[in-house]
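*Asks:* Following is a predicted model, sequence given first.
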Amino acid sequence: MAYTFDIERYFREFEEVFSEYPTNVDKELREYDSVYDPDKTPYENKAEVYRIIGEESPLRIFRTAPFFFEVDTGRARNSVTSTWPPEPGLGDALMSKNTFLLERFNGTWLPVYTRTNIINGVMFSDVAHHYANVEKIMKTGLKGIRKEIEDEMESEDLDSREKAFLSSALISVDSVIRVAERFRDTLKEMMENEEDPSLRENLRLQYELAVNVPVNAPKTFREAFEVFVFTREICNALEGVGFAVLGHIDRVLGDFYRQDIENGTLTKDEAQELVDAFLAITDARWDLEQELPGGTNASLVIGGTDRYGKPVFNDITTMVIDGMLKHRFVNPKIQARITASHPEEYFNKLSELAQSGINCLSVFNDRVVVGAQIKEGKDREDANVYLAGGCQEITLPNEYNSRAYVYVNTAGLFNISLFPEKWTEVFQEAGDRIYLKEAYKKKTFEEYYRDAIYNFASAIQIFVNRFNDFNSELTDTNPCLFYSALSDTCIERKMDVTEGGMKYNSDSFGMCAIGTVVDSLFAIKKAVYEDRFVTMKDLREAVGNDFKDNEVLRQYLLNRIPKMGQDNEEIREFASRVFRDVSRALSGYPNVRGGYFEASLFSFYSYEWFRNFDATPDGRRSGDLLTRGINPSELSGSIDAATLLSSQKNIDYTDYPGGGVLYMDIPVAKAKISKEVFGSIIKDFIEKEAFVMDFNVLDRETLLKAKAEPQKYTNISVRICGYSALFHTLSENMQDEIIARTQR
C-alpha cells in the first residue's frame, strides 16, 4: 500500500505532540552535569551530549506521517536551538556551561553600538543558517562516514587535539546510528500493536525505511526522502545550532525518483503524497499563532543547476509548487533558483506560485549568484549547487558561513563623515580607537567621497577585528561534531566546522540601507558641491537637528534631488559606483576559520530596527524607514515594478556573494493580475542581473479588515522580509508597515 496524506489527521497529531514542548529533560541534564569535565576538550564534552541523546532522548513517532525524524532533546516547539543565549535542552547543554563569550559580547562593547543604532545582533557567530550535508549520507550511509573516521584514526602522527576530535566525531556518528536503531525497534513494536489499519500501514512503511537508512545508503526514492528529512532534523536536535536549509530537493532526489518511476515501484501520485507530507512538517510543528520575529528558519531550494551547470527541472520541482498551491502552507520558504535556460513551464509554475498570494517565494538569479561565488574564488562545480537558507543567505554544501548574525547600519557608517567628532567619542566609549577624517571640510565632492569611503572602511575593520576575537573561542563553546562528520573535508582536516574544517569558510556582516547611502551621498554631491543650494555647515546643522525648523531644505533634498530607482541616468551611474566601492570596503578581511569576510547586502528586518537612527542628508528624518534590502528609498515616491527592476541596471551584484534582496511588493488590483505579468517580472529580473527577488502580493483593503477583525482573517500570510508569517500574528507596528507597502 502507498502512503496517503490526511492533512487534518496529520496536523492534529503533530499538535498533540508539540503542544507539550518543551518537555522536561532535567534527568538527562543532571546526567550531563555528572560527566562534564572542564579539564577535557570541548570535543569530548560535546561527545557526552551525543551519547546521552543517542541512548536516552525520547523518540516521537508520528503515525500519520511517512517519515521518522523527531528526537525530543528538550527544545522548545518554536525553536531550532539556534540563538544566544543558549536555549533549554540537551542540544545547548555545553553552550550553557560556556557563556563567557556571550557575557563579553554583551558586556561593554556591543551595547554602545546598539544604543547608537549602528549594530543590531545578539550573536557573535551565525548559529542558525547552516546546511546538513545530506548528500554524504546518500552516498555512503552513516556506516561509510563511520569508516572514514576510523581510517583517519589509524594515522600514527595524530596529536592529542586531533585524537580527541576524531574520537568524539566517531561518538557523534555512533549516537545517531543508535538513534536510528531505536527508531527501527520502536517502529516494529508500534506497528505490531497498532489497531488502526491505515496507521499500522504508515508505521510499516516507516519501519521498512528504518531497516536500511540512514545507517546504509538509500536505494529507493522513499529511502532517499527519509534521509533527506531525517538528516536535517537530527542535526537540529543534536548540535545546538540551527539548520535552516532543508536542501536542494529536486536535484538531490531526482535520480532516485526517475529510477523508481522507470522500474514501476513508484507513481507520481504516490510521490506527491510524500512531498505534501514533507512540506507540511514545518507548519505542523511550529505554533504559527505566535508572533515569530525570525520566522521558522526553514527554506527549500528548487530549480537551479546540477554540479555541471545543467538546469534542474523535473517532476519533483512541480510537485513542490503544486503542494504549496494546494495546501497553502505558510512554510517552508521556497527558494527558486532560475536561469534563462530553464523551460517555459518552470517560469509558468513560479508565476502561478507568485500570483497565489501565499507569499512564500524567493527567486534567485543563478547567473549572478554563481558568478559571485566564482569571483570570490570558489570552484564552479561547488558554486553551481549553491543553496540558500533561513531567509536568502547563500551557502555552498561544503561551506560554513556566517551570513546572518549581525546587522550593520551602512547609512550610519557614512553619516560619521558628517559628524566625526561625535562618532569618535562613540567608538572610544566602546573601547575602540579610530581615526576619522574630517570629510565635511573638503572643498570638492571627490575629496569628501574619498574620505567617506575611508571612514566607512575604518569602522568595518574595527568590527572585523572584534568579531574575529569573539569567534576565535567559538569552538570552546560548542563544537559541532556530527555536522563536521557530514562535511567533505572536516574529517580529513581533523578540524571542526567551527574552527575551519570546511572547504569554504565565509563571513559577512548584513549591511542595511545601501539605498539611503546612495541617496545621501548624491544629495551632498548635488546640493552642497554642485548646485550650492546649501553650505556644508548648514547641512550639518540641519541633519544634526533632524531638520527641525528647516523644512524648506528637507523638501528640496526629498523632491529636487534624484533618488536611486528613479529614471535618471546620472544617479544610476552614481549608484553603481557606490555599490562597487562599498563592496571593496567590506571584502577580503581574513576570518579566524581560514576564510574571508565577503560583501553582503542581506539586511533582514534591520531597516526597521535602525529607523530611529539620526536624520540623513537625503531628507530622511529620524524615525523614517531606511531602505529595504537593495530597494530604492521609501522616500522616492511610487515606483512601479518596471522602474524598480530598471534600478538594478549597471549594478554588479557579483561583487556581493553574501547576497542582496529586491522586495517586489505588488498591490492587488481590481482585476486579478495575470500569471503572464509575474512571468515577465521574473524574466526582466534575470535580464537586469539582480540577485534575489521576493514576491509579496498585498491586498490593502483585506489587510485593513484583517487588522480590525483578526479573528475573521486568520489565513492571510504575508512576506515580512526573508520569511512569511500569518498577518494576524504580527505586532501592530509590523502590520502597519506591511499595509504601508501597498501605497508605495
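*Replies:* Received, thanks.
*Asks:* the strands in the stretch 251-400 of the chain, which residues?
*Replies:* Ranges of strands in the stretch 251-400 of the chain, per DSSP state E, counting those that start in this stretch, are 299-303, 333-338, 361-365, 387-389, 393-395, 399-402.
*Asks:* Distance to residue 728, mean neighbour count and mean pLDDT added to those strands, as TSV?
*Replies:* Bear in mind the C-beta positions are built from the backbone N, C-alpha and C, glycine included. TSV is the format used below for the strands of the stretch 251-400 of the chain (distance: least, CB to CB, whole Å; neighbours: other CB atoms under 10 Å; pLDDT from 0 to 100):
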stretch	distance to residue 728	mean neighbour count	mean pLDDT
strand 299-303	23	27	98
strand 333-338	20	26	97
strand 361-365	21	25	96
strand 387-389	27	28	92
strand 393-395	28	28	94
strand 399-402	34	27	93
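*Asks:* tell me the mean pLDDT over whichever helix in the chain runs longest?
*Replies:* Ranked by number of residues, the top helix in the chain under DSSP state H is helix 160-193. The average pLDDT within helix 160-193 is 98.
*Asks:* packing partners for the next helix or strand after that helix?
*Replies:* As assigned by DSSP states H and E, the chain's next helix or strand after helix 160-193 is helix 197-212. Applying 3 or more CB pairs under 8 Å, 6 or more residues apart in numbering; DSSP states H and E, one finds that helix 197-212 contacts helix 160-193, helix 221-238.
*Asks:* Can you dump the C-alpha atoms of the last one in PDB for me?
*Replies:* Read it as helix 221-238. Taking Å, rounded to 0.1, in the frame of the first residue of the first chain, the C-alpha atoms of helix 221-238 are listed here in PDB:
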ATOM      1  CA  PHE A 221      13.200   7.300  -3.600                       C
ATOM      2  CA  ARG A 222      11.400   6.700  -0.400                       C
ATOM      3  CA  GLU A 223      14.600   5.800   1.400                       C
ATOM      4  CA  ALA A 224      16.400   8.800   0.000                       C
ATOM      5  CA  PHE A 225      13.500  11.100   1.000                       C
ATOM      6  CA  GLU A 226      13.700   9.600   4.500                       C
ATOM      7  CA  VAL A 227      17.400  10.500   4.700                       C
ATOM      8  CA  PHE A 228      16.600  14.000   3.300                       C
ATOM      9  CA  VAL A 229      14.200  14.600   6.200                       C
ATOM     10  CA  PHE A 230      16.000  12.800   9.000                       C
ATOM     11  CA  THR A 231      19.400  14.400   8.500                       C
ATOM     12  CA  ARG A 232      18.300  18.000   8.900                       C
ATOM     13  CA  GLU A 233      16.100  17.200  11.900                       C
ATOM     14  CA  ILE A 234      18.600  15.200  13.800                       C
ATOM     15  CA  CYS A 235      21.200  18.000  13.400                       C
ATOM     16  CA  ASN A 236      18.700  20.500  14.800                       C
ATOM     17  CA  ALA A 237      18.200  18.200  17.800                       C
ATOM     18  CA  LEU A 238      21.900  17.500  18.400                       C
END
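*Asks:* can I get the CA coordinates of the helix-or-strand element of the chain with minimal mean pLDDT in PDB?
*Replies:* Ranked by mean pLDDT, DSSP states H and E, the weakest helix or strand in the chain is helix 100-104, scoring a mean of 81. Output in PDB follows, covering the C-alpha atoms of helix 100-104 (Å, rounded to 0.1, in the frame of the first residue of the first chain):
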ATOM      1  CA  PHE A 100      31.800  33.700  28.900                       C
ATOM      2  CA  LEU A 101      31.800  34.800  25.300                       C
ATOM      3  CA  LEU A 102      28.300  35.900  25.400                       C
ATOM      4  CA  GLU A 103      29.000  37.900  28.600                       C
ATOM      5  CA  ARG A 104      31.900  39.600  26.900                       C
END
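*Asks:* If you count neighbours, what's buried in the helix or strand immediately after it in the chain?
*Replies:* Later in the chain than helix 100-104, the nearest helix or strand by DSSP H and E is helix 110-115. Using 16 or more other CB atoms under 10 Å as the test for burial, helix 110-115 gives 110, 112, 113.
*Asks:* Include distance to residue 26 when you put the strands of the stretch 251-400 of the chain into TSV, please.
*Replies:* Formatted as TSV, the strands of the stretch 251-400 of the chain follow (distance: least, CB to CB, whole Å):
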stretch	distance to residue 26
strand 299-303	33
strand 333-338	35
strand 361-365	41
strand 387-389	32
strand 393-395	35
strand 399-402	32
